[in-house]
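> Provide a 3D model corresponding to the input given below.
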Amino acid sequence: MNVLVVEDEHRVGDFLCRGLKGEGWTATRAADGEMALSLLKEGGYDVVLLDIMLPGISGHEVCTRIRGRGDEVPILMLTALDATDEKVVGLRKGADDYLSKPFSFDELIARMEALHRRAAGWADAIADAPAADPVQFDREALCLKIDDEVIELSSKERGLLALLLGNAGRVMSRERILNAVWGLNEDPMTNTVDVYVGRVRRKLGDHASRITTVRGAGYRYDAPAP
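Numbering: from 1, shown residues only. The predicted structure follows:
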């Protein structure tokens, strides 16, 4: 795994890079947001560890710019602030997960591995829809197609739809969705999942009813009968 560590504190950044290399991974450190954005233009990173408190542009702004140019690299935000509001802001900016300092290095590794697995393999879990089904998921282009029209999805919309499609006919709880798509183990007291389900339904258009709300349980994707 190739990791970009965006951390302005030399001691912390050096510790993280040495620890990641000890796991057999490649780690590159960027001391500020501008340097991180420049390195990411070259591509090749599997995960970004992004500190929020950076000189110049903040980690939140770096995250916004990364997503704004269509880069879907998994982002794990690091911060000394353990406030729910900070987590919500980071997730809405496009971060995939959030870890507060001080943290366990084992937990950091586990979260990074989970992000990498989701980014690398979630599309494989989607069963191919029958050829006659107007709703198709293009595994190569990572986009939704309805009657051969390409429907663009954000990374979180794509992750949510992939989870529902890969578990068609099964109810996915909000907790399960939060953990799988956002890397959270508990609801940060927001309606994030409901909002994104609404967005995906709008993308599905006339087929929005395929995502059923199961009151008190979660959501289910109902594929049409063959």
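> list the contacts of the closest residue in space to Val62 that isn't next to it in sequence.
Excluding the flanking residues, the one nearest Val62 by Cβ to Cβ, 6 or more residues apart in numbering is Gly33, at 4.1 Å. Placement of C-beta: from N, CA and C, glycine included. Applying Cβ atoms under 8 Å, 6 or more residues apart in numbering to Gly33 gives the contacts 6, 54, 56-59, 61-62.
> can you tell me which of those end up in helices?
Of those, the ones assigned to helices by DSSP state H are 59, 61-62.
> tell me which of these is nearest to Leu142?
Val62 (22.9 Å; Cβ to Cβ).
> what about that closest one, distance to Ile75?
Applying Cβ to Cβ, to the nearest Å, the value for Val62 to Ile75 is 9 Å.
> again, but for Tyr219
25 Å.
> quick one on the thing from earlier: residues that sit against both of Val62 and Ile75, list them.
Leu50.
> quick one on the thing from earlier: ok, the residue nearest to Val62 to Asp14 distance?
Gly33 is 19 Å from Asp14, by Cβ to Cβ.
> could you do Ser155 as well?
From Ser155 to Asp14 the distance is 30 Å (Cβ to Cβ).
> do Ile146 as well
49 Å.
> now do Ala208
Counting by Cβ to Cβ - Ala208 and Asp14 are separated by 50 Å.
> hmm, back to that, which members of the contacts of Gly33 are classed as buried?
6, 54, 58-59, 62 (16 or more other Cβ atoms under 10 Å).
> for the residue nearest the centre of the chain, give its distance to Pro134.
Nearest to the mean C-alpha position of the chain, by Cα atoms, centre = their mean, lies Asp96 at 3.7 Å. Asp96 sits 30 Å away from Pro134, going by Cβ to Cβ.
> ditto for Ser104
Distance from Ser104 to Pro134, by Cβ to Cβ: 47 Å.
> more neighbours, the two?
Pro134 (14 against 9; other Cβ atoms under 10 Å).
> just read off the phi/psi values of that one.
Backbone geometry at Pro134, expressed as degrees, to the nearest 10, gives phi -70, psi -20.
> tally of neighbours for the residue nearest to it when sequence neighbours are not counted?
Closest residue in space to Pro134, ignoring its immediate chain neighbours: Asp147 at 4.8 Å, by Cβ to Cβ, 6+ apart. If you count neighbours by other Cβ under 10 Å, Asp147 ends up with 10.
> looking at Ser155 and Asp14, which is more packed in?
Ser155 (19 against 14).
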